[in-house]
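**Student:** Show me the folded form of this:
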Amino acid sequence: MKSLLILSLSIGSTLSLAQAETSIENAEVTIPYSELKALLDTIHRAETETVEPEPPVTTALESARYTLDFSGDQPELTAAFEARGFTDDWHVIPLFGGDPRLASSNENPTDGIKNSIVWRENHFALLADGIGRFPIRLSLTTPSLVEWKRGKTVLFCAAPATFGELRVTGLPEGWQLHIEDLSATIEENGLQLFHLPGDGGELQLSLEERIENPLDMPITESAWRLNSQILVRYEDGRLVHSAHIQAQADSGSGLSLALALPPSAYRVAVEGEDLKDWNLASRDEDHRLVRIRWETRDILDRNLTINWEVPQSPLSDSWRLTVPHAVAPPNEEAPPPSESHSLIALVAVDGLDLSHASLRPIEESLRLPDWLRDQLGSEACLTAELSIGEVLDLKATWLPRLDTAQATISLASFDTRLVADGSTLVTAEYTIRHSAPLTWRLSLPAVDQILSCEVDRRATRPIQRPDSEIEFRLPAPQPPEPATDAEAGENHPPGTTVRLCYALKTASLDPVSGQVTLELPQTDLFIQRLDWSLAIPSLYEPTAVEGNAQISADGGKSNSESGNRILLEKELCRGERPAVEIYYQRKDLIAQP
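**Tutor:** Numbering: from 1, shown residues only. Modelled structure (predicted):
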């Protein structure tokens with residue numbers, strides 16, 4: 001009889017049963033030794049056992065081998081896959097997609113693992129369960145051989161695989177399989193082997209006729225004739241050329257062209273279809289050669305776009321324009337290049353007169369191609385037509401330009417107050433329109449003191465010059481604020497506001513009657529409008545006003561607290577000092593009618 005071990009457990013927690021609380025601090029639990037031992041073994045195993053980490057991937061397509069056999073009227077495409085599962089779970093492993101469809105499958109369950117082919121997200125996929133390897137072999141449908149030869153293109157979407165290959169067998173004589181952007185690794189005895197990229201992707205399969213032994217065919221030079229259209233622009237001391245060239249030949253392999261550019265050409269760039277490479281030779285006395293090579297032979301009609309630049313001093317009185325021409329092949333038996341023609345379109349340079357007997361305005365050119373018209377847009381242009389070897393020497397003359405005003409004064413407002421002892425207070429405000437920094441001088445009358453001076457409402461101290469002149473250094477104005485709806489139709493150029501207040505002394509007013517001369521500051525800037533408000537003591541009545549400012553059309557006179565006010569104006573003033581003579585008389589001496 002087995003003995004029992006009594007285990008006393010002290011429980012310090014409180015159990016809540018309904019609404020009563022019961023203390024079990026002195027409770028005892030008795031279990032068989034075998035059960036206690038099982039509990040201790042479980043705890044020990046949990047402490048000593050280690051958990052294996054999960055693999056970073058759950059599945060992998062380790063190999064995808066495709067075979068495309070053209071030996072029969074109906075080409076056969078078979079696929080052998082080797083997939084693998086790393087976790088004990090169900091897996092969906094993409095296999096292929098595109099135009100081929102599943103004809104039959106041969107699932108090979110191993111170790112009791114079941115798998116099946118399913119359609120999922122535009123791909124055929126393998127559905128498998130558990131850890132292990134899953135080999136599978138499929139037969140796929142393809143177009144008939146007749147459709148292949150008629151140019152049928154088959155889209156085949158290969159799934160990512162560690163190793164992938166497409167083996168092509170039984171090719172008809174004179175034919176080969178073409179895959180866009182993928183070359184065969186092996187080509188021999190009617191066999192082609194393509195190694196597929198690891199990330200799979202879309203493959204465009206087509207059958208094309210094979211060019212037998214192209215490397216064994218002799219290469220002969222071609223004599224090219226060129227028809228070119230050249231757009232020329234002047235930019236910062238250089239002439240920038242952009243040429244569209246059509247090169248044609250009657251014989252030869254059509255694989256290369258030696259093109260002569262001006263000897264000072266640089267920044268050369270060549271573009272075109274089927275272009276293999278190009279290189280720029282060192283310059284010599286006559287020209288600079290560009291050697292161009294193409295991939296495909298026997299194409300005798302080529303189109304190229306060539307850009308280059310040549311230095312051009314803006315101070316030179318002559319400009320030379322040359323056109324590219326083909327250099328005769330070194331083979332003495334080859335014919336020389338045929339006659340070539342070029343059309344040059346030269347963008348007009350503002351302020352520069354370019355003259356030559358061959359130059360015509362663009363309006364007179366009836367052969368301007370569409371691409372040139374698109375590039376030019378509304379720009380003025382001169383054109384000329386040249387033959388091979390011709391040079392266009394232009395006479396360049398910079399035309400004189402008329403100077404325009406750097407600034408104008410849109411409004412000059414003056415307020416003058418004259419008192420009986422001849423003391424005068426003048427407040428002047430100028431609205432100056434300019435777009436660049438400006439040095440502005442103002443010639444003052446014989447003033448006693450400048451009381452205040454502001455530029456855009458900021459106090460400033462003008463520079464004092466000889467002969468009662470002051471100078472302002474005005475910065476470039478800020479852009480104007482957006483116009484209101486009422487001002488939307490008006491043009492408001494940026495401007496600066498200068499406000500000036502000064503005092504001066506003239507002769508005292510006569511007690512009975514007399515005249516007084518008043519002057520305003522003078523400036524060389526053009527003044528569009530001048531408004532002058534002049535007040536004399538209320539004891540006097542102005543009887544006449546003479547000078548280069550006219551009485552305002554608003555009435556010319558008004559009464560104010562400071563005296564009788566005279567409103568004067570002047571339009572379109574430049575380089576003259578506004579001045580008037582005012583005749584006055586005491587009001588109480590004027591005879592009553």
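
**Student:** So which residues of the stretch 401-550 of the chain form strands?
**Tutor:** 407-418, 423-434, 438-443, 449-455, 458-459, 463-465, 469-474, 495-505, 513-519, 526-536, 540-547, 550-551 (DSSP state E, counting those that start in this stretch).

**Student:** Pull out the buried positions in the first one.
**Tutor:** Residues of strand 407-418 classed as buried under the neighbour-count rule (16 or more other C-beta atoms under 10 Å) are A407, T408, I409, L411, A412, F414, D415, T416, R417, L418. Just so you know, the C-beta spots here come from the backbone N, C-alpha and C atoms, and that holds for glycine as well.

**Student:** From the residues you listed, pick the one nearest N115.
**Tutor:** Nearest to N115 out of the buried residues of strand 407-418 is A407 (C-beta to C-beta; 88.3 Å).

**Student:** thinking again about what came up before, spell out which two among the buried residues of strand 407-418 are the most distant pair, please.
**Tutor:** Taking C-beta to C-beta, no two of the buried residues of strand 407-418 sit farther apart than A407 and L418, at 31.0 Å.

**Student:** just the helices in this protein please.
**Tutor:** Using DSSP state H, the helices of the chain run over residues 33-48, 145-149, 370-376.

**Student:** Would you mind finding the most buried of the ones you listed?
**Tutor:** helix 145-149 (a mean of 16; mean count of other C-beta atoms under 10 Å).

**Student:** who's in contact with it?
**Tutor:** F70, G72, D73, Q74, P75, T142, P172, W175, S206, L207 (C-beta atoms under 8 Å, 6 or more residues apart in numbering).

**Student:** Now flag whichever of those is closest to Y430.
**Tutor:** S206 (80.4 Å).

**Student:** pLDDT wise, what is the closest one at?
**Tutor:** On the pLDDT scale, S206 is placed at 91.

**Student:** Relative to E165, how far out is it?
**Tutor:** 19 Å (C-beta to C-beta, to the nearest Å).

**Student:** just S71 next, same as before
**Tutor:** 19 Å.

**Student:** Have a look at these two and say which one is more surrounded.
**Tutor:** Set side by side, S71 and E165 show more neighbours around E165, with 15 against 12, by other C-beta atoms under 10 Å.

**Student:** so can I have JSON lines of the strands of the stretch 401-550 of the chain showing distance to I344?
**Tutor:** Below are these laid out as JSON lines (distance: least, C-beta to C-beta, whole Å):
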{"stretch": "strand 407-418", "distance to I344": "42"}
{"stretch": "strand 423-434", "distance to I344": "42"}
{"stretch": "strand 438-443", "distance to I344": "44"}
{"stretch": "strand 449-455", "distance to I344": "53"}
{"stretch": "strand 458-459", "distance to I344": "56"}
{"stretch": "strand 463-465", "distance to I344": "55"}
{"stretch": "strand 469-474", "distance to I344": "47"}
{"stretch": "strand 495-505", "distance to I344": "46"}
{"stretch": "strand 513-519", "distance to I344": "63"}
{"stretch": "strand 526-536", "distance to I344": "44"}
{"stretch": "strand 540-547", "distance to I344": "64"}
{"stretch": "strand 550-551", "distance to I344": "60"}
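
**Student:** Tell me which of those strands sits nearest to G272.
**Tutor:** Comparing the strands of the stretch 401-550 of the chain under C-beta to C-beta, the one sitting nearest is strand 423-434, at 51.9 Å.

**Student:** quick one: the closest one to strand 438-443, angle?
**Tutor:** Angle, strand 423-434 to strand 438-443, by axes from the mean of the first three to the mean of the last three C-alpha atoms, to 10 degrees: 150 degrees.

**Student:** pLDDT wise, what is the residue nearest to L438 when sequence neighbours are not counted at?
**Tutor:** The shortest distance from L438 to any non-neighbouring residue, by C-beta to C-beta, 6 or more residues apart in numbering, is to L474 (4.4 Å). For L474, the pLDDT comes out at 92.

**Student:** swap in S413?
**Tutor:** 95.

**Student:** Can you tell me how far it is from T497?
**Tutor:** For S413 relative to T497 (C-beta to C-beta), the value is 10 Å.
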